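A.B. asks: sequence unavailable; structure follows:
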């Protein structure tokens, strides 16, 4: 599975292609308060436990793959109710419209569909800080966005070319901020260098 890409790379790419480059091409990662908290809050999701809750089977840290899309990774939780499966991705933050999280969840569904031979019409994003879920429907539009993102990530990894690093509000919370230096790069690009 050397040419397979990680499902999590889709989330990183949609968040910031440059961050995806550092993580999956240069294999560079730094922790900050957000990544450490996320890891600590994912302890149970990564436990590989199986449990029952209100008649729903919950499988944690489920290995996934898709030969069709060249994907591999893990789902935090896969739930089964009345023979139907759906992925549940745990996120540290608050509920909102986060396309990057929805793409990651949809990629998990694409893998489950191939592995289990059944349609997966929806999944859930579980926000740890609020203890609430958000249902995500895997529409044709979201599926196509996910497939397009898989292609973009594969192209980024194969090319090995570092994308530009425009400064956005997301940069402030990024654990790779001190490596990427988006503000400093922007300043140097707009100010002529003096001899």
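C.D. replies: Great, that's in hand. Here the structure is a predicted model, which is why all the values come from computation and not from measurement. Numbering: from 1, shown residues only.

A.B. asks: check which helix or strand residue 185 maps to.
C.D. replies: Counting by DSSP states H and E, the element that carries residue 185 is helix 182-190.

A.B. asks: what does residue 115 give?
C.D. replies: helix 99-116.

A.B. asks: can you list the strands that the next helix or strand after that helix pairs with?
C.D. replies: Of the helices and strands lying after helix 99-116 in sequence (DSSP H and E), the nearest is strand 122-127. Each strand that pairs with strand 122-127, with its direction, by DSSP bridges: strand 84-91 (parallel), strand 132-137 (antiparallel).

A.B. asks: now do strand 122-127 against helix 99-116, angle only.
C.D. replies: 130 degrees (axes from the mean of the first three to the mean of the last three C-alpha atoms, to 10 degrees).

A.B. asks: list the buried residues in strand 122-127.
C.D. replies: Of all the residues in strand 122-127, those buried under the rule 16 or more other C-beta atoms under 10 Å are 123, 124, 125, 126, 127. Every C-beta, even on glycine, is put in place using the N, C-alpha and C of the backbone.

A.B. asks: check stretch 77-95 too.
C.D. replies: 77, 78, 79, 85, 86, 87, 88, 89, 90, 91, 93.

A.B. asks: turn these into JSON lines, columns for pLDDT and distance to residue 9.
C.D. replies: Compiled in JSON lines, the buried residues of stretch 77-95 are given as follows (pLDDT from 0 to 100; distance: C-beta to C-beta, whole Å):
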{"residue": "77", "pLDDT": "96", "distance to residue 9": "20"}
{"residue": "78", "pLDDT": "97", "distance to residue 9": "20"}
{"residue": "79", "pLDDT": "96", "distance to residue 9": "24"}
{"residue": "85", "pLDDT": "96", "distance to residue 9": "23"}
{"residue": "86", "pLDDT": "96", "distance to residue 9": "22"}
{"residue": "87", "pLDDT": "98", "distance to residue 9": "17"}
{"residue": "88", "pLDDT": "97", "distance to residue 9": "20"}
{"residue": "89", "pLDDT": "95", "distance to residue 9": "14"}
{"residue": "90", "pLDDT": "92", "distance to residue 9": "18"}
{"residue": "91", "pLDDT": "88", "distance to residue 9": "16"}
{"residue": "93", "pLDDT": "73", "distance to residue 9": "19"}
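
A.B. asks: thanks a lot, catch you later.
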